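Q: Show me how the following folds:
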Amino acid sequence: MSLARSLLLRSGNAATTTAGLISVSSRPLLQLINPPQPRYGSKKKRDEKKAAKSDGAPSKADAKQLAHQREKVLLRLRQKREETKKATKLRVEAKNASKSSNFMDIETALRYLRAAEVGRSAHATTISLTMRIVAEKGAVPVNTKCRLPKPLDEERIAVFTNSSELAAEARRAGAVLVGGDDIIDQVKQGIINFDKAYATPDIVSRLNQVARILGPKGLMPNAKRGTVTHDIYNALVQASGEMTFKQEGTMLSLPVGRASFTDLEIVSNIVTVTDAIRKFMTDSSAHNKKAYIGKTVITSTTGPSIVVEV
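A: Residues are numbered from 1 along each chain as shown. Reported below is the predicted structural model:
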């Protein structure tokens with residue numbers, strides 16, 4: 001081989017070796033200068049991007065829940081508007097009672113009702129009021145009592161007591177049957193000649209003997225109901241002619257007299273009853289749930305229903 005060719009081969013090998021050394025030794029250095037970038041970024045950044053996208057708009061489940069809540073709110077508002085509209089209509093109806101085709105003043109209405117009861121025992125007929133109670137949703141139903149100036153029936157009241165002094169007060173207050181063990185013995189024999197019973201504390205333990213007889217009839221004296229007391233005179237006076245009435249649904253019906261009562265006696269009972277109802281409505285409207293007396297009719301046992309104003 002010529003000298004020139006030998007030198008050329010040596011220089012090529014050197015260049016290749018040098019190039020190989022340069023190329024091999026330069027790679028770590030290049031990686032340090034320009035480190036490779038991840039194609040999709042780190043997991044943390046991906047999570048941050050996903051969170052940023054989700055913050056702007058609710059998920060499908062959240063959107064569905066919000067829509068359901070809006071529907072419930074709108075439904076409640078519609079119901080409240082309908083109830084308010086209905087209550088307003090009923091109040092207007094009550095105020096315009098005099099425009100009804102069968103409206104009469106109470107005295108005229110009573111003449112028609114008495115005429116309808118001709119041939120019947122005056123004591124066997126009942127004059128009654130039926131009124132619509134116009135109330136906001138959540139108002140307390142009417143459930144109260146009052147003492148009528150003219151009671152419908154004279155109650156036969158019994159007083160159980162061992163005290164001669166309290167027995168005298170009971171008779172003075174109108175009790176028709178007063179005693180102790182003698183009345184208890186009568187009850188044991190099934191003889192019950194009274195409509196209501198009171199007792200003084202000194203004899204309460206003795207009444208256990210007849211509790212199973214008086215209890216089912218609602219005649220067992222009870223301290224919670226005010227029928228067991230030392231102040232027997234005032235208890236009897238206050239209870240005389242007392243009547244309890246309770247609202248059923250939106251209506252309230254109650255007796256206010258007999259056909260044998262005078263107009264003044266029936267009107268006095270009506271005024272007393274309506275005053276008690278309005279007082280109950282006022283006292284029970286603490287939560288702004290108001291109630292009113294709506295359309296009211298008066299009727300008798302076999303008579304027609306006549307619209308009146310109370």
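Q: show me where this structure has strands.
A: Using DSSP state E, the strands assigned to the chain run over residues 126-135, 143-147, 157-160, 177-179, 196-199, 242-246, 251-258, 291-299, 306-308.
Q: which residues touch the closest residue to residue 217 other than its chain neighbours?
A: Spatially, and ignoring its direct neighbours in sequence, residue 217 is nearest to residue 192 (7.3 Å; CB to CB, 6 or more residues apart in numbering). (C-beta placed from N, C-alpha, C; glycine too.) Neighbouring residues of residue 192 by CB atoms under 8 Å, 6 or more residues apart in numbering: 186, 213, 214, 217, 219.
Q: Tell me the one of these nearest residue 125?
A: residue 217 (26.2 Å; CB to CB).
Q: follow-up on the earlier one: could you measure the residue nearest to residue 217 against residue 247, distance?
A: For residue 192, the distance to residue 247 equals 31 Å [CB to CB, to the nearest Å].
Q: next one: residue 283
A: Using CB to CB, residue 283 is found at 15 Å from residue 247.
Q: Which one of the two is surrounded by more residues?
A: When residue 283 and residue 247 are compared for neighbours, residue 247 comes out ahead with 20 against 10, by other CB atoms under 10 Å.
Q: quick one, phi psi at that one?
A: Main-chain dihedrals, residue 247, degrees, to the nearest 10: phi -70, psi 140.
Q: That one: what's it in contact with?
A: Contacts of residue 247 (CB under 8 Å, 6+ apart): 133, 141, 142, 143.
Q: pLDDT weak spots in this protein?
A: Along the chain, the parts satisfying pLDDT under 70 run over 1-58, 90, 93-94, 97, 285-288.
Q: Would you mind giving the domain segments of the protein?
A: Under the assignment automatic domain parsing, the domains of the chain span 102-152+242-310, 156-240.
Q: Nearest approach to residue 226 belongs to which of the strands of the chain?
A: Of the strands of the chain, nearest to residue 226 by CB to CB is strand 196-199, at 8.8 Å.
Q: thinking again about what came up before, would you turn the domains of the chain into a markdown table with distance to residue 95?
A: Shown next, in a markdown table, are the domains of the chain (distance: least, CB to CB, whole Å):
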| stretch | distance to residue 95 |
| --- | --- |
| domain 102-152+242-310 | 9 |
| domain 156-240 | 35 |
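Q: how about the ones you listed, which one is nearest residue 76?
A: Within these, the stretch nearest residue 76 is domain 102-152+242-310; the backing value is 10.6 Å (CB to CB).
Q: how far does the closest one stretch from start to finish?
A: Separation of the first and last residues of domain 102-152+242-310 by CA to CA, to the nearest Å is 15 Å.
Q: Around the nearest residue to residue 294 once chain neighbours are set aside, count how many other residues there are.
A: By the measure of CB to CB, 6+ apart, the closest residue to residue 294 outside its immediate chain neighbours is residue 132, 3.6 Å from it. By the measure other CB under 10 Å, the count of residues near residue 132 is 18.
Q: Quick check: bridge partners of residue 132?
A: Going by DSSP bridges, residue 132 is paired in beta bridges with residue 251.
Q: okay if I get the contacts of residue 192 as JSON lines plus neighbour count?
A: Listed next are the contacts of residue 192 as JSON lines, based on neighbours: other CB atoms under 10 Å:
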{"residue": "186", "neighbour count": "17"}
{"residue": "213", "neighbour count": "15"}
{"residue": "214", "neighbour count": "18"}
{"residue": "217", "neighbour count": "11"}
{"residue": "219", "neighbour count": "17"}
